[in-house]
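*Asks:* from the sequence below, what's the structure:
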Amino acid sequence: MKIIIFGANELGAMIASQFYTTNDITVIDEEKNKLDAFNKLDISFIDGNATNLDILKQANTKDADVFIACTDSDELNIVACLTAKRLGDITTHCFVRKESYKSSLGITKDAEYNCDFYVDNIIWPEELLTQEIFRIITVAKALDVENFAGGRARLLEYKIAENSPLVNKLVKHCEFPKDTIIVGITRNEELFIPNGETVLHQDDKVIFMGLSHSLDILAGKFFHEKEFVKNVAIIGGGNVGLKLAKSLEDLKLNIKIIERDEERCEFLAEQLDTTLVIHGDGTDLELLAEEDISESDVVVSVTNNDEKNLLCSLLVKQMGVNRVISRVSKITNANLFEKVGVDIAISSKNASLNEIKSSLCGTNIGILATVEQGKGEVLRIILPEDFETTKVMDLKLPTKAIIGVIQRRNRIIIPNGTTQIINGDNLIVFTTSENAPIIREYFKAE
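*Replies:* I've put the predicted structure just below:
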C-alpha cells in the first residue's frame, strides 16, 4: 500500500513508524519541521507543502492509496486533503483541532450536500481524548476502560494494591467471576500475556475483558467496595475541559472546573448548567485548598501545557487526592508522568493513531483500542465465510493472543478453551502491539 503523510511532526512519526515496514511511505513537509525520528525510518521524504499541486504530483499522489494530513494547521490539512482528491481515487484522513471544522467537513460523497471534493475521515483528537477520559472517570479505580458490543462487554485495567488478596496468587487460583478473563499484565513497564501459572505481584497493572456486569462484580470483589465517583475537579477549561464537564453533567456528578482566563470562564458558565466555574490558577495551592480539591474523587488536569499539567497533578496528589488523570501532549512524557506519581497519563495521539490503524487493517479486521501507551492492541476480527468451526483450544495461533469476547449476532460470549468459534463470529482479540501484525495477517480475509 502506498501511503502519503503530510506532517513531519510527532504524530506523523508515530504513523510512519507503524506502517513503514510493510508499506511504501512518503512524508511531505518542510525540512525545518522534520523530526530526527524520520531519519531512522526507511521512507521517502519530500521537502515542501502538500497544498501545492506540484508537490503532490512529485509524491505520485495519483497512484497512492491513502493520504493523511496531520500538520499543526487545520487549514493546511483541509486544503491538502481536498487537493489530493483532485488527483485520484485516494482515501483521505484529515486531522483538525477546531470542532467547527469537524462538523462542517463531515460531508461524504453520499451526503445530502453532495460535492466532488470531500474528506473521507475527519479526526478531532481532542474529542477522542475526552471520550477516553470520560470512560476512565466513570469506573472507580480503573486505569483504563474500553467498551465493546454497545457497552455489553468491556476492558478494564487495574493496579494491584499492596493489601490486595491477589498478591502472590497464581492466576488459576484467583477465582475471578464467571464471564471475565485476564488478558494482559504490565510489570516493570513490560506488557505480557499471562496464563494460569502466572503469579500476580503488587503494583502489576492487570487488564481484564468480560461482560460488563461480571466486571462490576470483579471490581467490587478485588479492587473497590461500594466506591462511586461523585466529585470531579477539572483543571483547564479548554475544549477538552468543556466537553468533559458537559458529559459528566449528564451523570449528575458534582463538578468544578478551574480556568485562569476570565473571559473563558464567562463562556464556560454560559455553556454549562450545574458545573461550578472557578476563575483561578490550578497551581495556586491556596485556591485549591479553599475549593476543597482534596475532597475530589478524581482530578483531571487538561490544560494544553504538559509542564503545567504535571505540576497541577503533583500538587493535588500531595493534597491527598487518590486519583489524578493528566493530559500529555508529547507522547514521550506519558511514562515520566506516571513514574513521578500521576495515576493516569493520557494522550490524544494514541487514540488518533488507533483511528488510522483501524482504517488500514483490512475489511474484516479493525483496531478497537490500544492500551498501556500503545504496547497492547484490542483487535476486532470478523471470521470469513470459509472459516471452519474450531474450538478455541485447537486454534493454532502463530503468536500469543487471547480471544476475550465473541459477538455472535446478538449474543455476547466470553470464551474458554472448549468454546467453538464459527464463521461470521466477531472476535475481540487482545495481543501485544509487537504481535498484532502477525495476528492480523493470520486472520486476514483473502
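*Asks:* who's I182 bridged to?
*Replies:* F208 (DSSP bridges).
*Asks:* how near is it to R152?
*Replies:* Distance from I182 to R152, counting by CB to CB, to the nearest Å: 19 Å. All C-beta spots, glycine's among them, are computed from the backbone N, C-alpha and C.
*Asks:* what does E10 give?
*Replies:* Going from E10 to R152 by CB to CB gives 36 Å.
*Asks:* same question, I3
*Replies:* According to CB to CB, I3 stands 35 Å off from R152.
*Asks:* neighbour count: the two, which is higher?
*Replies:* Between I3 and R152, counted using other CB atoms under 10 Å, the more crowded position is I3 (24 against 15).
*Asks:* helix/strand/coil for the more buried one?
*Replies:* For I3, the assignment made with DSSP: H, G, I helix; E, B strand; the rest coil gives strand.
*Asks:* wait, it touches T22, no?
*Replies:* No. The pair I3 / T22 is not scored as a contact, 10.4 Å apart, by CB atoms under 8 Å.
*Asks:* for the stretch 251-400 of the chain, just list every one of the strands.
*Replies:* For the stretch 251-400 of the chain, the strands defined by DSSP state E, counting those that start in this stretch cover 254-259, 276-279, 298-301, 324-327, 344-346, 365-371, 376-382, 390-391.
*Asks:* hmm, who's touching the second one?
*Replies:* If I follow you right, that is strand 276-279. With contacts defined as CB atoms under 8 Å, 6 or more residues apart in numbering, strand 276-279 is touched by 237, 255-260, 262, 265, 268-269, 287, 291.
*Asks:* what two of the residues you listed have the greatest distance between them?
*Replies:* Farthest apart among the contacts of strand 276-279 by CB to CB are I255 and E262. That separation is 19.5 Å.
*Asks:* the more surrounded of those two?
*Replies:* Neighbour count, other CB under 10 Å: between I255 and E262, I255 has more, with 22 against 9.
*Asks:* how many other residues sit next to the residue nearest to the more buried one when sequence neighbours are not counted?
*Replies:* Of all residues not flanking I255 in the chain, T275 sits nearest, at 4.3 Å (CB to CB, 6 or more residues apart in numbering). Applying other CB under 10 Å, we find 24 residues neighbouring T275.
*Asks:* isn't T275 right next to L268, touching?
*Replies:* Yes. Counting by CB under 8 Å, T275 touches L268, with 7.5 Å between them.
*Asks:* which element is the most far-flung residue of the chain relative to its centre on?
*Replies:* Distance from the centre of the chain peaks at D54, with 35.6 Å (CA atoms, centre = their mean). Applying DSSP states H and E as the criterion places D54 in helix 53-58.
*Asks:* beyond that helix, next helix or strand please.
*Replies:* Beyond helix 53-58 on the C-terminal side, the first helix or strand identified by DSSP H and E is strand 66-69.
*Asks:* quick one: average pLDDT of that next one?
*Replies:* On average, the pLDDT along strand 66-69 is 96.
*Asks:* which strands border it, and is each parallel or antiparallel?
*Replies:* According to DSSP bridges, strand 66-69 forms sheet pairs with strand 2-6 (parallel), strand 91-95 (parallel).
*Asks:* got the CA coordinates for that strand in PDB?
*Replies:* The C-alpha trace of strand 66-69 is given here as PDB (Å, rounded to 0.1, in the frame of the first residue of the first chain):
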ATOM      1  CA  VAL A  66      -4.100   6.800   1.500                       C
ATOM      2  CA  PHE A  67      -3.400  10.400   2.200                       C
ATOM      3  CA  ILE A  68      -3.000  11.500   5.900                       C
ATOM      4  CA  ALA A  69      -2.800  15.200   6.700                       C
END
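*Asks:* what does that strand contact?
*Replies:* The contact list for strand 66-69 (CB under 8 Å, 6+ apart) reads 1-7, 12, 15, 50, 61, 76-78, 80-81, 84, 90-95, 356, 360.
*Asks:* can you select the buried ones among those for me in PyMOL?
*Replies:* Applying 16 or more other CB atoms under 10 Å to those, the buried members can be selected in PyMOL as follows:
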select buried, resi 2+3+4+5+6+7+12+15+50+61+76+77+78+80+81+84+90+91+92+93+94+95+356+360
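*Asks:* before we move on, back to that, tell me the contacts of the residue nearest to I255?
*Replies:* Neighbouring residues of T275 by CB under 8 Å, 6+ apart: 245, 248-249, 255-257, 268.
*Asks:* the same query, at a cut-off of 6 Å, please.
*Replies:* When contacts are counted by CB atoms under 6 Å, 6 or more residues apart in numbering, T275 is found next to 245, 255, 257.
*Asks:* and which of those residues is nearest D306?
*Replies:* Nearest to D306 among the contacts of T275, with distances taken as CB to CB, is I257, at 19.5 Å.
*Asks:* any idea what the closest one is bridged to?
*Replies:* Partner residues in beta bridges with I257, using DSSP bridges, are I234, V277.
*Asks:* save the contacts of T275 as a markdown table, and put in distance to V27 and pLDDT too.
*Replies:* Converted to a markdown table, the contacts of T275 look like this (distance: CB to CB, whole Å; pLDDT from 0 to 100):
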| residue | distance to V27 | pLDDT |
| --- | --- | --- |
| A245 | 37 | 96 |
| I255 | 42 | 96 |
| I257 | 39 | 97 |
